[in-house]
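S.K.: requesting a structural model of the entry that follows:
(one chain, ligands or ions: 3)
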Amino acid sequence: MASSGPSSPLKVCVASCSLNQWALDFDGNYSRICNTIIQAKEQGALIRVGTELEICGYGCYDHFYEPDTLQHCWQTLARLLTNTDLRGILVFTGMPVMHRGVLYNCTIAFHDQKIVFIRPKRHLANELNYREMRYFVNWKRSRHVEPFILPKIINSVTRQLKVPFGDGVITTLDNIDIGCETCEELFVPHSPHIDMSLDDVSIFVNMSASHHILRKLNYRIDLILHSMKKVGGIYLYSNQKGCDGDRTYYDGCPMIVVNGKLASQGTQFGLQDTEVVTAVVDINDVYNYRSAVISRSHQASAVEHYPRINVDLSLGGQCELPLTPYIEPRYHTPEEEICYGPASWLWDYLRRSKMAGFFLPLSGGIDSASVALIVSSMCHMVVYAVGEDNDNQVLRDVRALTRLPNYTPTDPAELCEKLLVTAYMGTENSSDETQQRAGALSRDIGSYHVNINIDGIIKAILTVFSLFSDKKPQFKAHGGSPVENMALQNIQARVRMVTGYLFAQLINWARGKSGSLLVLSSANVDEALVGYLTKYDCSSGDLNPIGSICKRDLNSFVAHSKEVFGFPSIDSFLTAVPTAELEPISEAYTQTDEEDIGLTYNELNDIGKLRKIDRCGPYFMYKRLACMWTMPPKELGDKVKLFFQKYAINRHKACVITPAYLCEQYCPDDNRYDLRPFLYNPKWDVQFREIDNSIKIGVLAKQHAAPSSSTIDKFSKK
Ligand SMILES: Nc1ncnc2c1ncn2[C@@H]1O[C@H](COP(=O)(O)OP(=O)(O)OC[C@H]2O[C@@H]([n+]3cccc(C(=O)O)c3)[C@H](O)[C@@H]2O)[C@@H](O)[C@H]1O
Ligand SMILES: Nc1ncnc2c1ncn2[C@@H]1O[C@H](COP(=O)(O)OP(=O)(O)OP(=O)(O)O)[C@@H](O)[C@H]1O
Ligand SMILES: NC(=O)CC[C@H](N)C(=O)O
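M.R.: Ligands and ions are numbered 1, 2, ... in the order given. Predicted coordinates:
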């Protein structure tokens with residue numbers, strides 16, 4: 001805004017969006033972009049902000065190297081520029097652009113079938129699941145704009161030979177300045193909006209691809225509100241939505257913020273492909289807000305200016321709509337996030353994979369119960385989307401998946417029966433309690449449930465072994481050695497996996513239906529970290545919705561589900577002790593997870609966070625835990641050592657871990673987020689020696705610090 005002083009309201013309607021883009025789905029991405037632009041126009045908006053790299057989809061990964069990707073992006077952009085329905089609004093879209101042989105992650109602004117400006121991202125995202133520096137270079141020339149020679153395909157559509165490219169801002173006919181930043185640039189300490197705000201930019205657009213992590217939305221909203229509170233301005237935040245063909249779920253929630261107050265907020269989860277939020281804002285509010293802070297004006301008077309790029313558009317003075325009132329931000333609790341995030345991800349994955357539903361081995365324990373509840377939540381969301389939201393796309397998808405062209409889902413349990421098969425696979429070591437719990441839960445949620453006894457298969461495999469050896473392995477309880485005991489457990493666990501895949505492929509055929517099922521697995525993050533699972537057993541599947549969620553959060557989620565869904569069987573899961581049921585149960589012995597591991601799930605949760613988020617190796621883990629846990633130093637040292645030994649021995653399991661929904665920063669998935677060696681020396685000689693030294697020093701210091709009996713006597717006498 002070229003601010004010359006206070007004046008009457010300068011109203012404008014602006015729009016930000018979420019789009020369920022899919023890597024390389026150029027046609028689908030194109031139509032979702034068009035939908036949002038048209039929706040924004042219908043709501044009276046003059047600016048529409050899309051999501052990061054929305055033309056090709058954010059998650060193209062190594063496809064960004066391919067010339068095909070760039071070519072199809074230009075072709076799609078050309079389609080957008082030729083579409084006359086998209087005239088009359090300033091559109092911000094995103095795609096990779098090669099400039100002078102270097103690839104940039106760019107925001108492209110177009111208006112009335114002409115490209116206005118291309119702005120390369122200046123600060124790239126490169127941590128956890130983000131790898132932008134692998135493909136893109138960040139634009140390094142601050143406040144520098146240069147000509148970009150357009151490819152022929154655009155040239156022939158827009159009749160433009162070149163357009164401005166670089167670090168500039170757009171100025172409208174009525175002197176309102178618009179600046180861009182892209183996703184990560186909001187998160188860095190020196191965000192571009194800070195300098196732009198001092199140079200009189202009043203509207204900021206942020207095109208994002210930001211994925212769901214439990215409790216992250218609170219941080220994102222805080223960041224936007226506080227940033228705009230500090231600098232003043234109108235912030236249009238757009239974010240991708242959906243699974244994008246990967247393990248992450250981009251959690252939408254587009255927002256419009258004015259001077260630190262929220263004017264509009266979209267939904268974080270849900271099944272709709274596009275969402276547009278609009279707000280009518282007063283640009284003069286920004287001027288008034290800023291000019292009230294004289295120290296800011298002093299800084300602004302010294303600032304170096306950004307190059308301005310003109311757009312043939314006036315923003316102010318045409319809007320008849322009332323100003324949008326401010327609202328309070330809405331957040332989900334972590335339990336709700338587990339209920340809706342993985343469910344939305346599963347739906348996206350299922351409809352895109354075109355499989356006929358899910359198969360879940362249901363053990364009667366809390367982990368597989370959580371997965372069953374997440375699928376049930378998905379069914380509730382589908383029924384809601386079809387019934388309440390009249391979402392035709394969801395209806396088309398559900399009809400295609402169920403292979404029932406006239407079906408309209410109205411009952412989540414009935415839908416669950418069509419999309420989810422659960423199976424209890426018992427052995428002689430299984431208990432009635434777990435079998436009954438599994439059955440009761442399946443009845444509550446409505447899944448098609450089967451009870452399978454796998455003892456015969458296990459016996460047959462052991463018979464094959466006995467053909468080569470006259471030795472017969474025994475459980476520990478029957479006098480067997482540790483290796484026999486473990487082998488007998490692992491064979492049960494592995495047979496479940498093979499049986500599960502057989503049923504996933506054939507059960508619909510047996511029921512007179514068509515299509516095969518995706519196999520869901522349900523190992524939680526704590527088990528994965530310490531390797532407390534049999535490699536290639538039922539913890540392996542096609543997808544794991546809870547693979548980055550800890551036991552503690554899963555317990556709260558299951559308790560929360562009881563309130564939301566009211567399933568009576570849930571109580572019995574909450575009080576059950578986690579057990580693998582792979583060893584014979586006797587009066588004297590019942591196998592439990594925590595005893596097997598030697599660490600409690602709560603302890604594993606602390607350890608997991610320290611290892612990954614706080615980047616602790618054994619010694620620093622010990623030092624940090626000494627401040628967190630109250631236990632004797634020796635016991636603490638032993639726990640840390642036990643964890644690192646198990647972790648080192650079992651790390652190879654993280655390389656083949658089932659693709660899991662990523663919603664925790666401490667996820668140990670070796671494939672994408674937690675890149676580590678998988679052949680360790682589990683003795684950790686130097687590291688453990690350092691812990692031992694620390695224990696010794698701690699004990700000595702305690703001895704020195706502890707008052708001697710004579711000192712105590714002296715004081716007590718006083
Ligand atoms: N460095 C290395 N690199 C690559 N692969 C390596 C390896 N070291 C062993 N291996 C392979 O891994 C195998 C050992 O792993 P694995 O077969 O899984 O067997 P293992 O880890 O020895 O035993 C399974 C563990 O999971 C526990 N469990 C089982 C079932 C259910 C549950 C539960 O969650 O309730 C827990 C069980 O109590 C035990 O602690 C070796 O036989 C070898 O094939
Ligand atoms: N009796 C069973 N019937 C069906 N599936 C089973 C059975 N036992 C185990 N599984 C499957 O194998 C997975 C791993 O088994 P494990 O004994 O490690 O369970 P867990 O990780 O403790 O999970 P849960 O809390 O669901 O029992 C389970 O999550 C479940 O999907
Ligand atoms: N695409 C991005 O730049 C995302 C980065 C950012 N740290 C986020 O998680 O939201």
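S.K.: okay, now the unreliable bits of the stretch 451-600 of the chain?
M.R.: For the stretch 451-600 of the chain, the stretches with pLDDT under 70 are 589.
S.K.: where along it do the strands fall?
M.R.: Taking DSSP state E, counting those that start in this stretch, the strands of the stretch 451-600 of the chain run over residues 518-519.
S.K.: tell me which residue in it sits closest to ligand 3.
M.R.: When you check the stretch 451-600 of the chain against ligand 3 by Cβ to the nearest ligand atom, the closest residue turns out to be Ser548, at 14.5 Å. The way it works is simple: take the backbone N, C-alpha and C, and place the C-beta from them, glycine included.
S.K.: how far away is Arg131 from Ala125?
M.R.: Counting by Cβ to Cβ, to the nearest Å, the separation of Arg131 from Ala125 is 8 Å.
S.K.: do Glu42 as well
M.R.: For Glu42, the distance to Ala125 - Cβ to Cβ - is 33 Å.
S.K.: higher neighbour count, the two?
M.R.: Ranked by neighbour count (other Cβ atoms under 10 Å), Glu42 and Ala125 place Ala125 first, with 23 against 11.
S.K.: the more buried one: what secondary structure?
M.R.: coil (DSSP: H, G, I helix; E, B strand; the rest coil).
S.K.: next, count neighbours for the closest residue to it other than its chain neighbours.
M.R.: Leaving aside its chain neighbours, Ala125 sits nearest to Glu184 (3.9 Å; criterion: Cβ to Cβ, 6 or more residues apart in numbering). Residues contacting Glu184 under the criterion other Cβ under 10 Å number 24.
S.K.: ligand 1 versus Glu184, what's the distance?
M.R.: For Glu184, the distance to ligand 1 equals 35 Å [Cβ to the nearest ligand atom, to the nearest Å].
S.K.: and for Val483?
M.R.: Between Val483 and ligand 1 the distance is 9 Å, computed by Cβ to the nearest ligand atom.
S.K.: also Ser586?
M.R.: Distance, Ser586 to ligand 1, using Cβ to the nearest ligand atom: 17 Å.
S.K.: now that residue. Nearest residue, chain neighbours left out?
M.R.: Ala477 (6.1 Å).
S.K.: quickly note the distance from that neighbour to Leu582.
M.R.: 11 Å.
S.K.: pick out whichever of those two has more residues nearby.
M.R.: Leu582 (21 against 14).
S.K.: mind listing what the more buried one touches?
M.R.: Going by Cβ atoms under 8 Å, 6 or more residues apart in numbering, Leu582 touches 427, 429, 488-489, 492-493, 591.
S.K.: hang on, the residue nearest to Ser586 packs against Pro584?
M.R.: Yes. Using Cβ atoms under 8 Å, Ala477 makes contact with Pro584 at a distance of 4.7 Å.
S.K.: so where do the strands sit in the stretch 201-350 of the chain?
M.R.: Using DSSP E, counting those that start in this stretch, strands in the stretch 201-350 of the chain cover 203-208, 234-239, 241-242, 250-251, 255-258, 261-265, 274-282, 308-310.
S.K.: can you lay out these as a markdown table showing distance to ligand 1, mean neighbour count and mean pLDDT?
M.R.: Putting the strands of the stretch 201-350 of the chain into a markdown table (distance: least, Cβ to the nearest ligand atom, whole Å; neighbours: other Cβ atoms under 10 Å; pLDDT from 0 to 100) gives the following:
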| stretch | distance to ligand 1 | mean neighbour count | mean pLDDT |
| --- | --- | --- | --- |
| strand 203-208 | 37 | 29 | 98 |
| strand 234-239 | 36 | 29 | 98 |
| strand 241-242 | 31 | 30 | 97 |
| strand 250-251 | 29 | 28 | 98 |
| strand 255-258 | 41 | 26 | 98 |
| strand 261-265 | 40 | 21 | 98 |
| strand 274-282 | 39 | 24 | 98 |
| strand 308-310 | 56 | 17 | 98 |
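S.K.: including distance to ligand 2, could those go into CSV?
M.R.: Formatted as CSV, the strands of the stretch 201-350 of the chain follow (distance: least, Cβ to the nearest ligand atom, whole Å):
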stretch, distance to ligand 2
strand 203-208, 34
strand 234-239, 32
strand 241-242, 26
strand 250-251, 26
strand 255-258, 37
strand 261-265, 36
strand 274-282, 34
strand 308-310, 56
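S.K.: so what's the closest residue to ligand 1 within the stretch 401-550 of the chain closest to, chain neighbours aside?
M.R.: As assessed by Cβ to the nearest ligand atom, ligand 1 sits closest to Lys535 within the stretch 401-550 of the chain, at 3.6 Å. Leaving aside its chain neighbours, Lys535 sits nearest to Lys653 (5.3 Å; criterion: Cβ to Cβ, 6+ apart).
S.K.: OK, contacts around that neighbour?
M.R.: With Cβ under 8 Å, 6+ apart, Lys653 has these contacts: 528, 531, 533, 535.
S.K.: tell me the contacts of the third one?
M.R.: By Cβ under 8 Å, 6+ apart, the contact set of Leu533 is 493, 523, 527, 539, 653.
S.K.: re the thing from before, who's in contact with the residue of the stretch 451-600 of the chain closest to ligand 3?
M.R.: For Ser548, the contact set (Cβ under 8 Å, 6+ apart) comprises 525, 660-664, 666-667, 669.
S.K.: state the distance from it to Glu581.
M.R.: In terms of Cβ to Cβ, Ser548 sits 25 Å off from Glu581.
S.K.: ditto for Val293
M.R.: 65 Å.
S.K.: out of the two, which sits in the more crowded spot?
M.R.: Just comparing Val293 and Glu581: by other Cβ under 10 Å the higher neighbour count belongs to Glu581, 22 against 14.
S.K.: pLDDT value on whichever residue of the stretch 601-718 of the chain sits closest to ligand 2, please?
M.R.: Nearest residue of the stretch 601-718 of the chain to ligand 2 (Cβ to the nearest ligand atom) works out as Tyr601 at 10.2 Å. Listed pLDDT for Tyr601 reads 92.
S.K.: is it in contact with Thr592, as I believe?
M.R.: No. Judged on Cβ under 8 Å, Tyr601 makes no contact with Thr592 at a distance of 11.0 Å.
S.K.: list the contacts for the residue of the stretch 401-550 of the chain closest to ligand 1?
M.R.: Counting by Cβ under 8 Å, 6+ apart, Lys535 has contacts 652-653, 656.
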